[in-house]
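Novice: Here's my sequence, what's the structure:
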Amino acid sequence: MGKLLKPNLDNIGITIFLFLLTSFLFLLFTHPETVQPVWLLTLIPLYFVSSFLSQLLVKQILLKRVLRWIVFTPITILVLLSLISQFAPDKPPKDFLITKNFIDLNQVHRFTKYRSCSGHQTVDQYSDEPVSNMQHYIPILASVDPDKIGIYAPFDGYILGSAPNTLVDEGVTMVPKSGIPWWPFNQWRFAMNHTHVLPQFQDPPIHFVKAGTLVGYVNALDRYGQRIKGTQVRMGVIAIPPMFKNGNGEPYKKLNSVFNYMTDEVFARYQAAIPGLKSREDMTLSKEYRLTHPCKFKQGGPNFSDRPPYFDSGRVEDLPLEEQDVYIGVGINDLEGMQKARMCDDPEDIARNPECSN
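Specialist: Numbering: from 1, shown residues only. Purely as a prediction, here's the structure:
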């Protein structure tokens, strides 16, 4: 009687494994954006299919042993990490506050706005956020060598020199003093891709630094050997598994603009560098605006079209003011000044346009 009541752990384990696998494939190929109650109707047949397959596989003794030690153990760890990583705080801690600017504005050409249609898709995992780029690109002046552009610690905290502590980010990644530097999940992080930390922060890969410390430089070349014209900055919380959408992996939750988490003194430097910049909202496109003005993909994504995001044709100069980048030294509403600044994006432009030297 006791034998009849004893659960078959192998059967249960294989069923759960197959159920998670088929559910993952469902997510991978359907790219759902938010959790829907109707999913329950899909999960029922997935469970029955998994149960039927497990009845066939559980009879194979060798396969059971392989699944026990080679498959079930890492799968169990991965599932636990995935569940734990989902518990992300809605707001960063109090010491996650930019008290020192992270890049020299005298060497920056412009900033893209938060939720822009520049570059490639970067969005929150499994949220109702419209497709956009929820970070800021920072193209640098074409006349400046990228290797000479320093990156500075924005707050007192830990600089992460290499994987696995950075997990998904190359370059400068920081967590505040109150954070746990060796744990990549459940905490807000500041990240600047296409940069590299100084050698002294690589070994060991975790160092405490004070705000304003030089921690790295912008990379001159990317992984494909092409020259990088700048960097980018984002803040959010990493959770696994990443969401796969429009050909792009999205590892972050709770993405937000760095301009919403800097002191008034630091933001005043941007106001001094950008005439007419009144509020932090000037650096951000609202969610409502992006919903009514959707970004346009190039060849299905994840990169956005080189043309204006919601026009079939036209020049970049034809974009509405809201979509324009914010240029250092140019008024935030000065379309003529923006067009002139855009003529000086790379060294060839400087050679052709003497005005760029001004």
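
Novice: Could I get the buried residue list for stretch 131-142?
Specialist: Across stretch 131-142, burial judged by 16 or more other C-beta atoms under 10 Å covers 131-141. For the C-beta atoms, the positions are set from N, CA and C on the backbone; glycine is no exception.

Novice: all helices of the stretch 201-350 of the chain, in order?
Specialist: Using DSSP state H, counting those that start in this stretch, the helices found in the stretch 201-350 of the chain span residues 264-273, 287-292, 335-342, 347-352.

Novice: Tell me which of these sits most buried.
Specialist: Among these, ranked by average contacts under mean count of other C-beta atoms under 10 Å, first place goes to helix 335-342 (a mean of 16).

Novice: Other residues contacting that helix?
Specialist: Residues outside helix 335-342 that contact it (C-beta atoms under 8 Å, 6 or more residues apart in numbering) are 109-110, 316-317, 321, 324-325, 327, 329-331, 355.

Novice: quick one: which of the buried residues of stretch 131-142 sit in strands?
Specialist: Among those, the ones falling in strands (DSSP state E) are 136-139.

Novice: how about TSV for those residues, with distance to Pro45 added?
Specialist: Output for these, formatted as TSV (distance: C-beta to C-beta, whole Å):
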residue	distance to Pro45
His136	44
Tyr137	44
Ile138	48
Pro139	50
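
Novice: Just give me the closest of the residues you listed to His120.
Specialist: Tyr137 (10.1 Å; C-beta to C-beta).

Novice: need the contact list for that closest one.
Specialist: Counting by C-beta under 8 Å, 6+ apart, Tyr137 has contacts 111-112, 116, 118-119, 230-232.

Novice: Over to Glu317?
Specialist: 335, 339, 342.

Novice: 6 Å instead, please
Specialist: Taking C-beta atoms under 6 Å, 6 or more residues apart in numbering as the contact definition, Glu317 lies against Gln339.

Novice: about what we covered before: with distance to Ala153 and mean pLDDT as new columns, can the helices of the stretch 201-350 of the chain be given to me in TSV?
Specialist: Shown next, in TSV, are those (distance: least, C-beta to C-beta, whole Å; pLDDT from 0 to 100):
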stretch	distance to Ala153	mean pLDDT
helix 264-273	13	98
helix 287-292	30	95
helix 335-342	29	88
helix 347-352	30	63
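
Novice: Next one: the closest residue to Asp203 other than its chain neighbours relative to Ala273, how far apart?
Specialist: Spatially, and ignoring its direct neighbours in sequence, Asp203 is nearest to Gly161 (7.2 Å; C-beta to C-beta, 6 or more residues apart in numbering). Relative to Ala273, Gly161 is positioned 30 Å away (C-beta to C-beta, to the nearest Å).

Novice: sorry, back to before: okay if I get the helices of the stretch 201-350 of the chain as a markdown table plus distance to Asn186?
Specialist: Listed next are the helices of the stretch 201-350 of the chain as a markdown table, based on distance: least, C-beta to C-beta, whole Å:
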| stretch | distance to Asn186 |
| --- | --- |
| helix 264-273 | 26 |
| helix 287-292 | 24 |
| helix 335-342 | 40 |
| helix 347-352 | 44 |
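
Novice: Indicate which one of those helices is closest to Trp69.
Specialist: So among these, helix 287-292 is nearest, using C-beta to C-beta, at 47.2 Å.

Novice: quick one: Trp188 and Pro92 touch, right?
Specialist: Yes. Between Trp188 and Pro92 there is a contact under C-beta atoms under 6 Å: 3.8 Å.

Novice: how close does Val197 get to Gly157?
Specialist: Val197 is 13 Å from Gly157, by C-beta to C-beta.

Novice: Now whichever strand in the chain runs longest: buried residues?
Specialist: Across the chain, the longest stretch assigned as strand under DSSP E is strand 230-245. By neighbour count with 16+ other C-beta under 10 Å, strand 230-245 contains the buried residues 230-241, 243, 245.

Novice: Need the max-distance pair from those residues.
Specialist: Gly230 and Pro241 (29.8 Å).

Novice: can you give me the strands for this structure?
Specialist: 110-111, 136-139, 150-152, 157-160, 172-176, 188-193, 195-197, 206-209, 214-218, 230-245, 248-256, 326-327.

Novice: Mind listing the strands the fourth one pairs with, and their directions?
Specialist: In the sheet, strand 157-160 lines up against strand 172-176 (antiparallel), strand 206-209 (antiparallel) (DSSP bridges).
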